[in-house]
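# next comes the sequence, and after it the predicted model I'd like to discuss.
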Number of protein chains: 2
Amino acid sequence: MDLKAIVNSIKSFEGITRKNLITDVTTVLNDTYNIAGRTFLGFGDDASAIDIGNGNLLLMAADGMWGKLMEADPWWAGYCSVLVNVNDIAAMGGIPMGMTNVLSTRDMGICNEIMKGITAGVKKFGVPMVGGHFHPDTPYNALDVSITGIIGREDVITSCGAEIGDKLIVAIDLDGQKHPKFPLNWDTTTSKTPQLVQAQIMVMNELARKHLVTAGKDISNPGTVGTVGMLLEASGAGATLEINRIPRNETVEWEEWLKLYPGSGFVLTVKEENVNECIKLLESVNITSNVAGEIIEDKKLYLTCDDQKEVVFDFNVDKIMGIKEKKSENRS
Amino acid sequence: MDLKAIVNSIKSFEGITRKNLITDVTTVLNDTYNIAGRTFLGFGDDASAIDIGNGNLLLMAADGMWGKLMEADPWWAGYCSVLVNVNDIAAMGGIPMGMTNVLSTRDMGICNEIMKGITAGVKKFGVPMVGGHFHPDTPYNALDVSITGIIGREDVITSCGAEIGDKLIVAIDLDGQKHPKFPLNWDTTTSKTPQLVQAQIMVMNELARKHLVTAGKDISNPGTVGTVGMLLEASGAGATLEINRIPRNETVEWEEWLKLYPGSGFVLTVKEENVNECIKLLESVNITSNVAGEIIEDKKLYLTCDDQKEVVFDFNVDKIMGIKEKKSENRS
């Protein structure tokens, strides 16, 4: 395996480099993210968290569908708008409560396909689309969906809790196929039952309630290595990651596999004593899980392959999102 | 006053006719709006409501900014994205908790102005923008914002609760000015203190907690008469509305005034015995309020002017949104 070539390919991967611009947008909001004194967790995680009392947090996330996706396969764009939002809540250990959307198109054919895709997603994931806004007169097609979930204040899984010595678990549902038009979409859900798909979401809630993980993120556009990088950036730590320990469907080559957006995939950091229970729970819902690395003090992500070793990110100089996770004073 | 001309102008007003397309989009979601069994209130209100237990409802709404607004005045578009969402929660009697946004633009100048407008809105209304998604590579400019709020299950104000004989209160902050580029935007907030603006939002929560109203909506793009129409459509009732009883800033002519989107304006239905307390509370925060009509069984909205009388909407044949409000079996 040419590890250096894989690392170079990951470093220039658009799914990761595109995240760089986020700080330009969020910096201006830094002063006000906790204006009402209830914000528990601001920018930089899969979802933000607001303390509503009674020991509960609201989790809020939003995602826009890429224009390319909307035009090439509007059904899939609608379906994925549900999938990505539900995964953002699952990554925090939360229970998704409902979604809203803003749909902009003047093409009623595209509109209908998108709505059919959304409906299929709602049925698959069991989370209702309860409202939204429709722009019938735009010269472009766009779909933006937001989601709200609930999690216990003491249970929430963040990206920023990884600690030196924690084991790094990579957990991916290997039973899927590449989307014919979007080979980086590893579709693991359309051919599964709603029961199994929803169990995959709820297993994260179980890990959260049992306090089995110290940090977690869903694997999204930046792929497995990019997502590990974002978790490390938020936690202010580094890690080793052994490529051969990352669960993989062997029909897909490594370089591509590490960039895939899986329908169900997470990176988690876990104390050694909780590793077995964590893996057992994930595997009970068909998510193949391995310890693939360890959190280290040195703020770099090293990808290793047997005795080869390459630096993917050096957080002393590199940034992915560049966001130091906004934690409010409210946080315990 | 030429009442017939005013009524004809309202009937063809784009702010109202544009609402007609909503059913095309929402019909397909009708089967699934309560898929998880927690939806208390689905499509057709200012916000949807989800029962999270503990006697509380989540309120969720989303709004997209018109493209015209984005290009002509991106600061104002950003500011209004906060205003319209906060008003959607206020209209339900809720307390706004937080917002997320999806911003699409490749023009960093527009992006900065939008973010400055959002920040100004966050500071004015005291509701944080806690997260979102940025598309840095779209050929169009778009801003979609969603909001989540909280309200007691027994306290929520809906659009669908108006009952025959209820008094119809129109409540508008008259202290404002038309936006120089968007004369239908009646800006009542930019020159007021955050304290007063937030008190105007919270007065709706007080009306809700005291159970002083049977139904309510914030006056939005369809203007005062269009908003009354939407409330009647959701409630399955009609009303009389005496134009001379509608609070008005006399620098603005009637035809235009009735189409304005005020920074703080509501239509409310109220039992006679609660009218005085309701008006007193609204006027304590500078929202001028009058009984301007009454709910009737005849499913028509009659606009009257002394002894003239014209039908604006006949809900036996006309539709605005055409949505029969989706109430779940969960509802008491």
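Cool, got the structure.
# identify each buried residue in stretch A:48-67, please.
By neighbour count on 16 or more other C-beta atoms under 10 Å in any protein chain shown, the buried set for stretch A:48-67 is A:48-52, A:56-67. The way it works is simple: take the backbone N, C-alpha and C, and place the C-beta from them, glycine included.
# ok, that stretch near chain B or not?
Yes. Applying C-beta under 8 Å from any C-beta of the partner chain, one finds stretch A:48-67 in contact with chain B at A:48-50, A:52, A:54, A:56, A:58, A:60-64, A:66-67.
# from one end of that stretch to the other, what's the distance?
Taking C-alpha to C-alpha, to the nearest Å as the measure, stretch A:48-67 stretches 25 Å from start to finish.
# give me the distance from that stretch to the chain's centre.
In this view, stretch A:48-67 has its centroid 14 Å away from the chain centroid, taken as C-alpha atoms, centre = their mean, to the nearest Å.
# likewise stretch A:2-17?
What separates the centre of stretch A:2-17 from the centre of its chain is 19 Å, taken as C-alpha atoms, centre = their mean.
# also stretch A:153-172?
13 Å.
# and it, what's buried?
Judged by neighbour count (16+ other C-beta under 10 Å), stretch A:153-172 contains these buried residues: A:153, A:155-162, A:166-172.
# what's the answer for stretch A:273-287, then?
A:274, A:275, A:278, A:279, A:281, A:282, A:285, A:286, A:287.
# what average pLDDT does stretch A:154-168 get?
Average pLDDT, stretch A:154-168: 97.
# hmm, I was thinking of stretch A:241-252
Stretch A:241-252 carries an average pLDDT of 98.
# quick check: end-to-end length of it?
Using C-alpha to C-alpha, the two ends of stretch A:241-252 sit 19 Å apart.
# same question for stretch A:158-169.
End-to-end distance of stretch A:158-169 (C-alpha to C-alpha): 15 Å.
# how close does the residue of chain A positioned farthest from its centre sit to residue A:282?
Distance to the chain centre peaks in chain A at residue A:137, reaching 32.3 Å (criterion: C-alpha atoms, centre = their mean). Residue A:137 is 46 Å from residue A:282, where distance means C-beta to C-beta, to the nearest Å.
# what's whichever helix or strand residue A:217 is part of in contact with?
Using DSSP states H and E, residue A:217 maps to strand A:215-218. Contacting residues not belonging to strand A:215-218 are listed as A:46, A:87-88, A:90-93, A:157-162, A:166, A:204, A:207, A:227, A:230-231, A:234-235, A:265-269 [C-beta atoms under 8 Å, 6 or more residues apart in numbering or on different chains].
# spatially, what comes nearest to residue A:111 if we skip its sequence neighbours?
Excluding the flanking residues, the one nearest residue A:111 by C-beta to C-beta, 6 or more residues apart in numbering or on different chains is residue A:105, at 5.1 Å.
# any part of the helix or strand where residue A:82 lies near chain B?
Assigned by DSSP H and E, residue A:82 falls within helix A:74-91. No. Helix A:74-91 is not in contact with chain B by C-beta under 8 Å from any C-beta; minimum separation 9.3 Å.
# what helices and strands are in contact with that helix?
Helix A:74-91 sits against strand A:56-64, helix A:67-72, strand A:95-104, helix A:108-125, strand A:142-152, helix A:194-209, strand A:215-218, with contacts defined as 3 or more C-beta pairs under 8 Å, 6 or more residues apart in numbering or on different chains; DSSP states H and E.
# where does chain A dip in pLDDT?
Chain A contains residues with pLDDT under 70 at A:20-26, A:322-332.
# phi, psi of residue A:282?
phi -60, psi -40 (degrees, to the nearest 10).
# and what of residue A:270?
Torsion angles at residue A:270 (phi, psi; degrees, to the nearest 10) stand at phi -140, psi 140.
# repeat that for residue A:172.
phi -140, psi 140.
# that one contacts residue A:219, doesn't it?
Yes. Counting by C-beta atoms under 8 Å, residue A:172 does reach residue A:219; the two are 6.9 Å apart.
# common neighbours of these two, please.
Shared contacts of residue A:172 and residue A:219 (C-beta under 8 Å, 6+ apart): A:262, A:265, A:266.
# residues in contact with the second one?
This means residue A:265. Neighbouring residues of residue A:265 by C-beta under 8 Å, 6+ apart: A:170, A:171, A:172, A:173, A:186, A:218, A:219, A:224, A:287.
# quick one: residues contacting the fourth one.
Going back to what we said before, that points to residue A:173. Residues near residue A:173 by C-beta under 8 Å, 6+ apart: A:188, A:200, A:262, A:263, A:264, A:265, A:286, A:287, A:288.
# next, format the residues you listed as TSV and append secondary structure.
Shown next, in TSV, are those (DSSP: H, G, I helix; E, B strand; the rest coil):
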residue	secondary structure
A:188	coil
A:200	helix
A:262	strand
A:263	coil
A:264	coil
A:265	strand
A:286	coil
A:287	coil
A:288	strand
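# farthest-separated two in those residues?
Farthest-apart pair in these is A:263 and A:288; separation 13.2 Å (C-beta to C-beta).
# so those two - more neighbours on which side?
More crowded of residue A:263 and residue A:288, by other C-beta atoms under 10 Å in any protein chain shown: residue A:263, with 26 against 18.
# neighbours of the closest residue to the more buried one other than its chain neighbours, how many?
Residue nearest to residue A:263 in three dimensions, not counting chain neighbours: residue A:188, with 3.5 Å by C-beta to C-beta, 6+ apart. Residue A:188 has 24 neighbours, counted by other C-beta under 10 Å.
# these two touch, right, residue A:188 and residue A:249?
No. Residue A:188 is not in contact with residue A:249 according to C-beta under 8 Å; the separation is 9.5 Å.
# thought residue A:203 was touching residue A:279?
No. Between residue A:203 and residue A:279 there is no contact under C-beta under 8 Å: 11.2 Å.
# tell me which element residue A:228 is part of?
Using DSSP H and E, residue A:228 sits within helix A:223-235.
# alright, calling it a day.
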